[in-house]
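Undergrad: here is a sequence together with a model predicted from it:
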Amino acid sequence: MNDRAIRSVLVLGGGITGLSAAAAFARALPQVAVTLVETPADPGALTDRLPGSQPAIQRFHRLIGLEEAELIASGAATWRIGTRFRNWSASGADWIHFTGECGPQIGTIGFHHLWARAARSGDAPPWHAYAAAGVMAGADRFVLPADDPASPLASYDYALRIVPERYRALLKLHCERLGVVAVQGALGNAEIDATGAVAAIALADGRRLSGDLYLDCAGPAAPLLSRLASDVESMGGWLPACRVAILPGIGEPGAADEIERVASGWRWNAPGAGSGEVAGPGDDLPGSVAVTPSRQRAPWRRNVVAIGDAAATLDPLGWAGLTLAHRSIELALELLPDRDFHAVELANYNCRAAAVVLALRDFAALFYHCPDAPDGPFWRGAASLEIPPTLSATLEQFRRRGYLVPADEDCIGESSWIAALTGLGELPEHTDPLAAAIPAEPAAAAMARWAQGLGAIPPRLPSYRDYLAETLRRL
Amino acid sequence: MTAAALAKLLPHACTVELVESEEIGIVGVGEATLPHLRAFVQTLGLDEAEFMRETHATFKLGIEFRDFGRIGDAYLHPFGDFGRPIHGVPFHHHWLKMRGHSLDAPIFDYSPCNVMAAANRFARPDTDPRSLLSTFSYAYQFDATRFAPYLRRYAEALGVRRTEGRVVSVERDGASGDVAALLLHDERRIEGDLFVDCSGFRSLLLGDAMGAEWEDWSRWLPCDRAVAVPCESPPGPIEPYTRATATRAGWRWRIPLTHRVGNGHVYSSAHIGDDEAAGALLAGLEGKALADPRILRFRAGRRRQSWVGNVIGIGLASGFLEPLESTSIYLAQMAIMRLIALFPVGGIADCDRAEFNRAVDYEYDRVRDFLVLHYHATARDDSPFWNDMRTMVVPDSLTAKIELFRRAGRIERYSHGLFLEPSWVAVYLGQGIVPERWDQRADAIEPGQLAGAMQGLSAQIATAVAAMPLHGAALPQ
C-alpha cells in the first residue's frame, strides 16, 4: 500500500448527500475509516429533501451495494418512468419526459430526424408516443424492463422516486452495515494547518475530529469548504432565483410524476413521495426556502471537497441535485488523490466536476426559455434571463437540423435531451440530409407500425398500482 | 474518401464533382490506418475482402515502437485493452499494485493484441461483449496509391463526376467572399455551392484563396521531412503490425503489405541532411528497393479554421500531424463524417462552421499532445535531436496529463475522439513513465487473490492466441 494513501475520511452532513458519500467511500475503500458527522439539517439543502432522481441512480446504488428490492420493500423508493409536463410547451399540450430509446431504428439515422419531418408535415403523434416508457407512463402501467433484448420492453430506462425520510433511514442503516461511524453534532471551529489544509474540526460541544480528507456535504453554505476559501460564481444570470416549498406527496405512487407551469412559477407532484412549489424570490410561499443558483469554481481545495449542494445550487428542475451529488462522489473516488493533494489532480477533478454542473445547468435553463409562459412576475423574470452560450449552441443546432452538440460530462444523455427539446416544442426546421435520404412514405409506414405495436402493449400490462402491490407481496 | 462518402451517404442532398490532376498524383505515404477506418469501409458498404485484395492490405493490431524511451526498448501500442476493469477500477491500477508483490510480468502480457502480434497471429474480435477477446480491434495496412483509385472507381459508380484538370485560379463572389468557381488550366470553369479542399499541403482553397491562418506546431513536432521507399518483402511471416523505430533525428516506419514492405524515414531537417536520412533508410531495408527514394516535405500544425465561408479543408489542406500514430487518414475521416453530420441545409449557417471547427480543433489538439509525448518521454541523450526533444517545453495541456499519470496512473478522459485510455497507458509505460502509486480502490482486493486472477488472465490470453491462425493464413485469399 502507498504510504501517502488516504487513511480516514470525515463526511460532514447527515442528509442523503452525506450518507451517500459515506456509503460510497466506505464500500470502495474498506481499509479507510469513514466517519459521518451528522450536523443539523440545513433546510436549504434541497437535494436532501427532494424526491427526484435520474436513471443513473441505479448505477450509484450498484456502487454502494444497495439492492433495489430493499429500497422498494422498505418503501424508501418507487419506480418512476416519466414526468408529465402540464402547460409547459409551446403548443400548450401535455407531454411526457422520459429517458431511453424511442422509435424504430431505421438504418443509422437518429429517429428524431424522421419524427421531426413527419411532425412538420402534419399531425404526427407526440415524441413520447414512440417510446415504451412514454406509452407506459401515459397509461399508468409498469413492469420492470425485460431481460430479453429483442423485447420492446427491454430498452427503456426508469428512475427512482425516493421518499426522502425513508430513503435517508435506509442509507443510514446501509452506512452502519458498511462500518461507517456516525457522530452527531454541529460544526464549530475548523483548525487550518500551515499548508492551508484542514487539520481538524471541532464540534459545537468541543469534541475534536480529524481525518485525512473531508467531504463537505452540508448544504449550499458549504460550511467547511468556505473556511478554506470560497470562490462562488453566480448562476443567477442563467437560472431564476426562486423560493421552493416542499410539501407531502399527493395521491398514490404512479408511473409518472407531474410538473405544471402556473402563473406564480411551477408545481410538482411526485405521488406518494412529495410535492412542492417553486415561486419567485419575493413570493411569500409558506415553509419555503430561498434558492440562489450558484456554483463553487473550485469545489476541491486542499483536503476538502464539496459534494452536491455544497458544490453547486441548481434549480430543482430535472432533479439535478441528486444527480450532481452522485456524479461528484463517483468522480471523487475515481480521481482520489493521496495525502499530498497534488494541484494537478485537484485541477483535473475540478475541471470535470465543473463540466457536470454546467451540463445540468443548461438542461434546467432550457425549460425557462419555453414560450407561452403564464403571465406573472416569475415568468417575466425568467424570460429576461440570458441563455448560456453552450445551451444557445445546442438550441441553434437542434432548431436548425436536430443536431446535438456533444458535451463532456453530460449526465443528462441524448435521449433525455431530445425528449425535453421535442416536448417543449422545439422542432428542427430542416431534415438532416442523411435522414432525408430515407423516403417519407416507408418511414411513415414504419413509424405507424411502431406506434401501433407500442399502443398494443399497455392493455397487456398490469396497472402501476397492481404491479407495485404484487412486487411488495413477493418481496 | 470525401467524394465517396458524400456520394454514398448524401445522394439526394448534393451532386459531387471531383476535380483532380494526374500530374499532381497521390502522396501516398499514409499506408497505416487506425481501427476507425473499418467503420468507414462498412459505411461505404465495401466488401472487406475485396477492399483488402485491391489495396494489398494486411491486418494491423497496433504499432511497435522501438528505441523511443531508450535504445533497445520496444513496446507495441495495441488497438485494444489491457485486461479488464476489476470492481470498476481500470486494470492497469491493479497491475501497478501487483508490481510491488513480485508479479512482474509486463502489462503487455495482458493485452490480446500484444500477444497476437508477438505470435504473428490474427483473428477478428469476438462480438460477445462478455468475452475477453471482444476487447480489441484492428486496422489495416494498405497501399494508399491503390486505395485512392479504388475509391475513385467506387465514387464514379455512384455518380460522382470526375474532372481531370489543374486548378489555376479561384473566382470569388464579390459580396460574400465565398468561392464561386474554380478555373482550370484549360479555361474550364467549375461552379459549386460548397468546395471541399482536399488539395493537401497546398491548401489551394482554404489556405490560398480564403487565407485561413496556419498555426505552427513545429516547435513541438520538428520532423518536417520524410523519405519513403518500398522494398521486397523478406522471407517469413507477415507481421500484423506497423513498426516505428527511432533514429538519431526522427524515426523509420516499416509497414508490411501482402506484396511488399513500405518503408520511410521521418526526420527533422534541422538535425540531419536529406542524403544521410535516405542513406539510413536504405541501409535498413530488409529486401531489394522497388523504387528510388522519394522525399516529402511537411510541417506540423493546423489551420485556425478548417471551414471558412463555403470552403472546408479536409486532410492535409486543414492540418498535418506526422504519421507516427497513423492518424492522417483518421483525421480526414473524422472531418468527413463531421461534415456529413453538419452538411448545410437551407444554406450555410455560422453555427455549422463554428461546430465543425470546434470539433476538428478538439481532435487535432489532443492528437498533437499524444504525438509529442512519444518524443518527450525519453531518456535518450545520444543526439542533439533527442536532447532537444527530452528537454523541450511541451504544451501545458500535455504537462498536466503527464503529471496526472505520473502521480497515480490517471488518464485525462475524453468523451469522444482520440486517444483512449489504453493508448496513453501503453505509451507512458512503454516509454518509462511509471506512476508513483495507483488508484487506492485497488487496495480493496487481497494481493493473493489478485495475483491468481491476473495469472489466469494471461494464461487465458496465451491459450486463445495459440489457437488462432497465423496472420498470413487469415488474410483474404
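TA: Perfect, thanks for sending it.
Undergrad: which bits of the stretch 201-350 of chain B sit near chain A?
TA: Contact residues, the stretch 201-350 of chain B versus chain A (Cβ under 8 Å from any Cβ of the partner chain): B:I340, B:A341, B:L342, B:F343, B:V345, B:G346, B:A349. C-betas here are computed from N, CA, C, even on glycine.
Undergrad: and for the one residue in the stretch 201-350 of chain B that gets nearest to chain A, the neighbour number?
TA: Chain A sits closest to B:V345 of the stretch 201-350 of chain B, with a gap of 3.6 Å, by Cβ to the nearest Cβ. By the criterion of other Cβ atoms under 10 Å in any protein chain shown, B:V345 has 20 neighbours.
Undergrad: before we move on, what about the one 10 residues further on?
TA: B:E355 is surrounded by 21 other residues when neighbours are defined as other Cβ under 10 Å.
Undergrad: helix or strand: which one has it?
TA: Element membership of B:E355 [criterion: DSSP states H and E] is helix B:350-376.
Undergrad: helices or strands up against that helix?
TA: With contacts taken as 3 or more Cβ pairs under 8 Å, 6 or more residues apart in numbering or on different chains; DSSP states H and E, helix B:350-376 sits against helix A:389-401, strand B:301-303, strand B:307-308, helix B:328-341, helix B:384-391, helix B:396-408, helix B:421-430.
Undergrad: tell me the pLDDT at A:P149?
TA: pLDDT recorded at A:P149 is 77.
Undergrad: what sits closest to it if chain neighbours are left out?
TA: Residue nearest to A:P149 in three dimensions, not counting chain neighbours: A:S155, with 7.8 Å by Cβ to Cβ, 6 or more residues apart in numbering or on different chains.
Undergrad: number of nearby residues for the one you found?
TA: With other Cβ under 10 Å as criterion, A:S155 counts 17.
Undergrad: hmm, the lengthiest helix in chain A in reach of chain B?
TA: In chain A, with assignment by DSSP state H, the single longest helix is helix A:343-367. Yes: using Cβ under 8 Å from any Cβ, helix A:343-367 comes into contact with chain B via A:V344, A:E345, A:A347, A:N348, A:R352.
Undergrad: could you check the pLDDT of the third one?
TA: Looking at A:A347, its pLDDT reads 97.
Undergrad: same deal with the first one?
TA: The predicted local distance difference test score for A:V344 is 97.
Undergrad: kindly report the same for B:G28.
TA: Per the predicted model, pLDDT is 60 at B:G28.
Undergrad: same check on the one 4 residues further on?
TA: For B:A32, the model assigns a pLDDT of 84.
Undergrad: just give me the neighbour total for it.
TA: For B:A32, using other Cβ under 10 Å, the count is 27.
Undergrad: again with the one 3 residues further on
TA: B:P35 has 18 neighbours, counted by other Cβ under 10 Å.
Undergrad: who's in contact with it?
TA: By Cβ atoms under 8 Å, 6 or more residues apart in numbering or on different chains, the contact set of B:P35 is B:F79, B:S137, B:Y138, B:A139.
Undergrad: how far off centre is stretch A:87-104?
TA: The chain centre lies 18 Å from the centre of stretch A:87-104; the measure is Cα atoms, centre = their mean, to the nearest Å.
Undergrad: actually, stretch B:167-176.
TA: Its chain's C-alpha centre and that of stretch B:167-176 lie 34 Å apart, by Cα atoms, centre = their mean.
Undergrad: can you check stretch A:217-229 too?
TA: In terms of Cα atoms, centre = their mean, the centre of stretch A:217-229 is found 21 Å from the chain centre.
Undergrad: which parts of it are buried?
TA: Burial within stretch A:217-229, assessed by neighbour count using 16 or more other Cβ atoms under 10 Å in any protein chain shown, is assigned to A:C217, A:A218, A:G219, A:P220, A:A221, A:A222, A:P223, A:L224, A:L225, A:S226, A:R227, A:L228.
Undergrad: also stretch A:236-252?
TA: In terms of neighbour count (16+ other Cβ under 10 Å), stretch A:236-252 has its buried residues at A:W238, A:L239, A:P240, A:A241, A:C242, A:R243, A:V244, A:A245, A:I246, A:G249.
Undergrad: and those residues, which is closest to B:L34?
TA: A:W238 (39.2 Å; Cβ to Cβ).
Undergrad: which two among the buried residues of stretch A:236-252 are spaced furthest apart?
TA: Farthest pair in the buried residues of stretch A:236-252, by Cβ to Cβ: A:W238 and A:G249, 29.6 Å.
Undergrad: in a strand, A:P459, correct?
TA: No: read with DSSP: H, G, I helix; E, B strand; the rest coil, A:P459 is helix and lies in no strand.
Undergrad: return the distance of B:G273 relative to B:R225.
TA: 10 Å (Cβ to Cβ, to the nearest Å).
Undergrad: on that earlier part again, the helix holding B:E355 to helix A:389-401, inter-axis angle?
TA: Counting by axes from the mean of the first three to the mean of the last three Cα atoms, to 10 degrees, helix B:350-376 points 120 degrees away from the direction of helix A:389-401.
Undergrad: what's the mean pLDDT across helix B:350-376?
TA: 96.
Undergrad: can you name the residue of the stretch 1-150 of chain A nearest chain B?
TA: At 4.1 Å from chain B, A:N2 is the closest residue in the stretch 1-150 of chain A, using Cβ to the nearest Cβ.
Undergrad: show me the contacts for that residue.
TA: A:D338, B:E436, B:R437, B:W438, B:Q440.
Undergrad: the helix holding B:E355 relative to helix B:396-408, how many degrees between them?
TA: Using the same axes, to 10 degrees, helix B:350-376 lies at 50 degrees relative to helix B:396-408.
Undergrad: tell me the spacing between A:A182 and A:L10.
TA: The gap separating A:A182 from A:L10 is 12 Å, by Cβ to Cβ.
Undergrad: overlap of the contact sets of the two?
TA: A:T35.
Undergrad: neighbour count for the two, which is higher?
TA: A:L10 (25 against 17).
Undergrad: that one should be in a strand, yeah?
TA: Yes: assessed with three-state DSSP, A:L10 lies in a strand.
Undergrad: ok, and the closest non-adjacent residue to it?
TA: A:G211 (3.6 Å).
Undergrad: how many residues are close by residue 175?
TA: No chain was given, so I picked chain A. A:C175 - counted by other Cβ under 10 Å - has 26 other residues nearby.
Undergrad: that's the wrong chain, I wanted chain B
TA: 6.
Undergrad: kindly report the same for A:G308.
TA: By the criterion of other Cβ under 10 Å, A:G308 has 36 neighbours.
Undergrad: contact partners for A:S155?
TA: By Cβ under 8 Å, 6+ apart, the neighbours of A:S155 are A:G100, A:E101, A:A132, A:P145, A:P149.
Undergrad: with B:T15 instead?
TA: Counting by Cβ under 8 Å, 6+ apart, the residues that B:T15 touches are B:G159, B:R161.
Undergrad: on the three-state scheme, it is what?
TA: coil.
Undergrad: how near is it to B:L158?
TA: 11 Å.
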